[in-house]
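A.B. asks: any chance you could fold what I've pasted below:
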Amino acid sequence: MIAEASPEPARYITERQAAAVLGVQRGTLSNWRSQRRGPAYCRLNGGHVIRYKLAEIESFAEKYRVDPEATP
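C.D. replies: Below you'll find the model as predicted:
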């Protein structure tokens with residue numbers, strides 16, 4: 001019998017960590033949230049705590065990936 005691999009649990013990171021991954025200031029993430037832009041996020045503890053799924057941050061960054069060898 002082959003055991004199925006269980007999916008890896010979602011990894012949530014803080015706003016500070018998300019900003020570091022994206023190379024932006026925490027204020028930029030805050031601005032994006034107020035403008036309904038940027039990566040998806042979760043509001044916890046009555047909206048006082050912001051967390052991002054690492055996979056969402058990576059997906060957001062991938063949307064803006066530029067391949068210099070791609071033909072226009």
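A.B. asks: so what's Ala55 closest to, chain neighbours aside?
C.D. replies: Spatial nearest neighbour of Ala55, chain neighbours left out: Ala10 (6.8 Å); criterion: Cβ to Cβ, 6 or more residues apart in numbering. For the C-beta atoms, the positions are set from N, CA and C on the backbone; glycine is no exception.
A.B. asks: what about that neighbour, distance to Pro68?
C.D. replies: Separation of Ala10 from Pro68 (Cβ to Cβ, to the nearest Å): 32 Å.
A.B. asks: how far away is the residue nearest to Ala55 from Gln25?
C.D. replies: Using Cβ to Cβ, Ala10 is found at 25 Å from Gln25.
A.B. asks: ditto for Ser34
C.D. replies: Applying Cβ to Cβ, the value for Ser34 to Gln25 is 14 Å.
A.B. asks: just the helices from this structure, written as ranges.
C.D. replies: Ranges of helices in the chain, per DSSP state H, are 15-22, 26-34, 54-63.
A.B. asks: which of the residues in the shortest one are buried?
C.D. replies: The neighbour-count criterion (16 or more other Cβ atoms under 10 Å) identifies 15, 18-19, 21-22 as the buried residues of helix 15-22.
A.B. asks: which stretches of this structure have low pLDDT?
C.D. replies: Within the chain, the ranges that satisfy pLDDT under 70 run 1-7.
A.B. asks: the residue nearest to Arg43 when sequence neighbours are not counted and Glu69, how far apart?
C.D. replies: Distances taken as Cβ to Cβ, 6+ apart place Ile50 nearest to Arg43, at 6.3 Å, with adjacent residues excluded. Plainly put, Ile50 is 36 Å away from Glu69 if you go by Cβ to Cβ.
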